[in-house]
Structure formats: structure tokens, C-alpha cells
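# no FASTA, just this:
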């Protein structure tokens, strides 16, 4: 009861100032929450993109390190007088591909020849004698 009497005795200006203060505090609190949420989301986004960039950089550095290691090994072997080994995997793969292409070409050729033999028999071919009077060589001689 005591507190309500004190609030009622304030002037209109004090009550308006108090309400304005309450609205200001609420607005600042709301803005602070919004900024905190935005900052948290931005930090998450930055963390994810930073992680992606770090992964990409690690992949690039890793592949460059692997390449450097292979080159160094080849250089050491060359200085030691060792010849590089043959790429057996590539040679076997090329041989298998060549065999497959050769098999396919042979099958296609045999099929085409068999179809051609069936279509043109000796009974179907007709020979025609043509007399060419303007020919420099005559066939009658």
C-alpha cells in the first residue's frame, strides 16, 4: 500500500519520464538481444567459412607436399643412378583397351563382310556390255 501512494503522488512529467525510461530500457535490451543473436550467427558463419577455407588450404598444401615429396624422391633416385620403374599399371591398361578395341573392330568387320556376302550373290550381279564409240581404244581389236 505504501508503494502505491508514492507512485500516485508523482507529477505527470515524472510519470512520462519514467515510462520513457522503461521503453528505452526495453528497446536497448531488445536491441542487445538482437545484436547478440546476429553476432552469434555471424560468428557461426565465419567459423564455418573459416573451416572451409582451412580445409581447402590443407588440401592444397597436402597435394603440393605430396608432389614435392615425389619429385624429391625421383631426383634422389636420378642422382643415385637408378632408372625410374616402368608404369606397369598404365601399360597393362593400355594393352587391355587396345585388345577390346581390336576385338570390337574385328567383330564389326566380320559382321559387315557376312552381310555383304549375303546381299550380293553371283546371280544378282548383272554384267552389261557397253559399246563406246568415242573411246580412244576399241575393245573389238
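Ah, there it is. What you see is a predicted model; the values in this text were computed from it and never measured.

# Quick one: low-confidence residue ranges for the protein.
Along the chain, the parts satisfying pLDDT under 70 run over 1-9, 117-141.

# 90 - rerun?
Applying pLDDT under 90 to the chain flags residues 1-87, 110-141.

# Provide the count of other residues in contact range of residue 77.
13 (other CB atoms under 10 Å). From N, CA and C alone the C-beta is placed, and that goes for glycine too.

# and the helix or strand where residue 70 lies, what other elements does it pack with?
Using DSSP states H and E, residue 70 sits within helix 12-79. Contact analysis of helix 12-79 by 3 or more CB pairs under 8 Å, 6 or more residues apart in numbering; DSSP states H and E lists no helix or strand as a packing neighbour.

# now residue 42: how far from residue 57?
22 Å (CB to CB, to the nearest Å).

# picking up where we left off before, any idea which helix or strand comes after the helix holding residue 70?
Next along from helix 12-79, by DSSP H and E: helix 88-119.

# Okay, buried residues for that following helix please.
In terms of neighbour count (16 or more other CB atoms under 10 Å), helix 88-119 has no buried residues at all.
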